[in-house]
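Visitor: have a look; sequence and predicted model below, questions after that.
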Amino acid sequence: MHLSELKSAGRTPTLPITLALADAAGPADLQLLTLLRVLPGQRYVGAGIWRGRPVLAKLLVGAKAARHFQRERDGVHLLAKQGMTTPLLLVEGLKDGEGGWLLFEFLESAQSLGAAWAEVEGLPALADEQSAVLGEALAAIGQLHGKGLWQEDLHLDNLLRHDGQLYLIDGAGIRSEQPGKPLSRQRVLENLGVFFAQLPKVLEPFTEELLVHYLLSNGEHALPMEALQKQINKTRGWRLKDFLSKVGRDCSLFSVNDGPFGLRAIRREEAFAMTPVLADADALLDSGHLYKTGGAASVGRVEAAGRPLVIKRYNIKNFAHWLKRFWRPSRAWHSWREGNRLAFLGIATPKPLALLEQRFFWLRYKAYLVTEFLPGPDIIERFAPYVATGDAPQAELLALDQLFAQLIEERISHGDLKGHNVFWQQDRWALIDLDAMYQHTSASSFAKAFARDRARFMRNWPTESALYQLLEQRLPRG
């Protein structure tokens, strides 16, 4: 295959692929065996064999190939010139009409710090194991900044552990201010803001403690916490906006088909499993355990390939109802977007897996939302034994405190905070039924909406009960 043919190979080309490339010794074949990252029609990154040795290949095609090649090449050379530990670049080339290629030494059994973090993320906040991973990353970032460089696309997957060393990868994201001289304080704050904004908010109280790892590696500047927090907040807002823009378009995270006869969105890792579920949603609902049927919505627990799921079908009751619904995004779309918003913000909710919005020449009618199934009890059932006594378990009360604190911090109102919409899941309270959820930009509008949420939540229990009195005193008022 010619390199240029990758431009039309799509997201999942058939492997292995043999590509004719060249170096100073002449032409040779690259056998591409696996793909690790794909930007269809532009970039293909994978592992393969070149002249008998394993390599990591970055293949750049399409109209932007020359620009992407230059950025990657320049970044790699900046890292090497400043003595940073990075995989050795073995071969590079750029050919008009074909594309560019960069072949690196392959780090066998390397582990990204992203993978290392995934193994410890569920531990209590800033457990020793978490501190070790984040401290390792911050020390490397400090060294990078000390050399006048920064990683524009800074995240844990761009740091690899291999044979006791930490390697920086992804030269395309490497930028310089004055190579060899420490970065300016403002640039340091901006880049650290990118790093800390990606960490769970539960770690925010420990930012100053974690920053020590960075300062031990690069103590060039005093870093005021207020200025750093401002950068973190700014980046978090940008990241959320960027993420939500992806839930309705085809990208590495979501498989989306959007057209005049329907909108189908699936988490990409679930595409194989969810495609038949959406195709057979009505039959699955008919044979499943229905929680709610008829009216504006039908909800049921179904089994698909031995896996429990929840399908919510948003019905059109009659012609008058259709006239109100056809011209605006469906409630399934709203729940899909808000479920992904909660998941991104670290607020517990069943993972949204797939969405189907049926249309006829863009005019909407029925829609479906598929989520994970939560087996845990709702809060009414969970707290039923404690209504009279008020002695609910402390862990569950603390989890409720955390849920309300998160909603206040993010200015999120649920819209229907009855007890049947709050489920106990893995030591956290999870929110379901997100049709009316909203993230407010105005403090005043949020205050009114939160007051309504709190009042609806408190109506789950008799006002004279001990549990009501406990929660009335305990829960914040916004």
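Guide: Ah, there it is.

Visitor: neighbouring strands of the host helix or strand of A47 in the sheet, and parallel or not?
Guide: Using DSSP states H and E, A47 falls within strand 43-50. Next to strand 43-50 in the sheet, as set by DSSP bridges, lie strand 26-39 (antiparallel), strand 53-60 (antiparallel).

Visitor: residues making contact with that strand?
Guide: For strand 43-50, contacts defined as Cβ atoms under 8 Å, 6 or more residues apart in numbering pick out 6, 9, 13, 16, 21, 28, 30-38, 54-61, 68, 90-91, 103, 106. Every residue, glycine included, has its C-beta placed from N, CA and C.

Visitor: and these, which of them are buried?
Guide: Buried by 16 or more other Cβ atoms under 10 Å: 6, 9, 13, 21, 30, 32, 35, 38, 55-61, 68, 90-91, 103, 106, out of those.

Visitor: quick one: K181 and G148 touch, right?
Guide: Yes. In terms of Cβ atoms under 8 Å, K181 counts as a neighbour of G148; the distance is 4.8 Å.

Visitor: higher neighbour count, the two?
Guide: Between K181 and G148, G148 has the larger neighbour count (other Cβ atoms under 10 Å), namely 19 against 12.

Visitor: look up how far A172 lies from the more buried one.
Guide: 18 Å (Cβ to Cβ, to the nearest Å).

Visitor: which SSE is immediately downstream of the helix or strand of the chain with the lowest mean pLDDT?
Guide: When each helix and strand of the chain is scored by mean pLDDT, DSSP states H and E, helix 319-325 comes last, with a mean of 71. Per DSSP H and E, the first helix or strand lying C-terminal to helix 319-325 is helix 331-345.

Visitor: residues of the helix or strand that that following helix is followed by that come out buried?
Guide: From helix 331-345 onward toward the C-terminus, using DSSP H and E, the following helix or strand is strand 352-360. By neighbour count on 16+ other Cβ under 10 Å, the buried set for strand 352-360 is P352, L353, A354, L355, L356, E357, Q358, R359.

Visitor: next one: stretch 202-212
Guide: Under the neighbour-count criterion of 16+ other Cβ under 10 Å, stretch 202-212 has L203, L210, L211 buried.

Visitor: tell me the mean pLDDT over that stretch?
Guide: Stretch 202-212 shows a mean pLDDT of 95.

Visitor: what lies in contact with it?
Guide: Contact with stretch 202-212 is made by 125-126, 130-131, 134-135, 138, 192, 196, 223, 225, 228-229, 232, 346, as judged by Cβ under 8 Å, 6+ apart.

Visitor: quickly check those for the two that are furthest apart.
Guide: L223 and G346 (24.8 Å; Cβ to Cβ).

Visitor: okay, the two: which has more neighbours?
Guide: Legend: neighbour count by other Cβ under 10 Å for L223 and G346, higher for L223 (17 against 13).

Visitor: domain ranges for this structure, per the record?
Guide: Taking automatic domain parsing as the criterion, the chain consists of the domains 3-105, 111-238, 254-372, 379-474.

Visitor: nearest to K246, out of those domains?
Guide: Of all those, it is domain 254-372 that lies closest to K246, at 6.1 Å by Cβ to Cβ.

Visitor: can you list the low-confidence ranges for this structure?
Guide: 319, 321-322, 327 (pLDDT under 70).

Visitor: what about 50?
Guide: Under the criterion pLDDT under 50, no range of the chain is flagged.

Visitor: list the contacts for the residue nearest to the spatial centre of it?
Guide: In the chain, the centroid-proximal residue (Cα atoms, centre = their mean) is F344; its distance is 5.5 Å. By Cβ under 8 Å, 6+ apart, the residues touching F344 are L240, F243, L244.

Visitor: want to try JSON lines for the strands paired with strand 43-50, with distance to R364 as columns?
Guide: Formatted as JSON lines, the strands paired with strand 43-50 follow (distance: least, Cβ to Cβ, whole Å):
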{"stretch": "strand 26-39", "distance to R364": "31"}
{"stretch": "strand 53-60", "distance to R364": "40"}
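
Visitor: so which of those is nearest A116?
Guide: Smallest distance to A116 across these (Cβ to Cβ): 17.1 Å, for strand 26-39.

Visitor: so what touches that closest one?
Guide: Contacts of strand 26-39 (Cβ under 8 Å, 6+ apart): 11-13, 15-22, 43-51, 55-57, 59, 101, 103, 252.

Visitor: among those, name the buried ones.
Guide: By 16+ other Cβ under 10 Å, the contacts of strand 26-39 give 13, 17, 19, 21, 43-46, 48-50, 55-57, 59, 101, 103 as buried.

Visitor: hey, where'd the strands end up in the stretch 201-350 of the chain?
Guide: In the stretch 201-350 of the chain, the strands defined using DSSP state E, counting those that start in this stretch lie at 254-259, 262-267, 289-292, 297-304, 307-314.

Visitor: redo these as TSV? Include distance to R236 and mean neighbour count.
Guide: Written out in TSV, the entries for the strands of the stretch 201-350 of the chain read as follows (distance: least, Cβ to Cβ, whole Å; neighbours: other Cβ atoms under 10 Å):
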stretch	distance to R236	mean neighbour count
strand 254-259	21	15
strand 262-267	22	22
strand 289-292	35	13
strand 297-304	33	18
strand 307-314	29	20
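
Visitor: from the contact counts, what lies against the top helix by length along the chain?
Guide: Ranked by residue count, the top helix of the chain under DSSP state H comes out as helix 225-246. In terms of contacts (3 or more Cβ pairs under 8 Å, 6 or more residues apart in numbering; DSSP states H and E), helix 225-246 is packed against helix 185-197, helix 207-217, helix 331-345.

Visitor: now do the contacts for the closest residue in space to L199 that isn't next to it in sequence.
Guide: Among residues not flanking L199 along the chain, L134 sits closest, at 7.4 Å (Cβ to Cβ, 6 or more residues apart in numbering). By Cβ under 8 Å, 6+ apart, the contact set of L134 is W117, L199, L210, H213.
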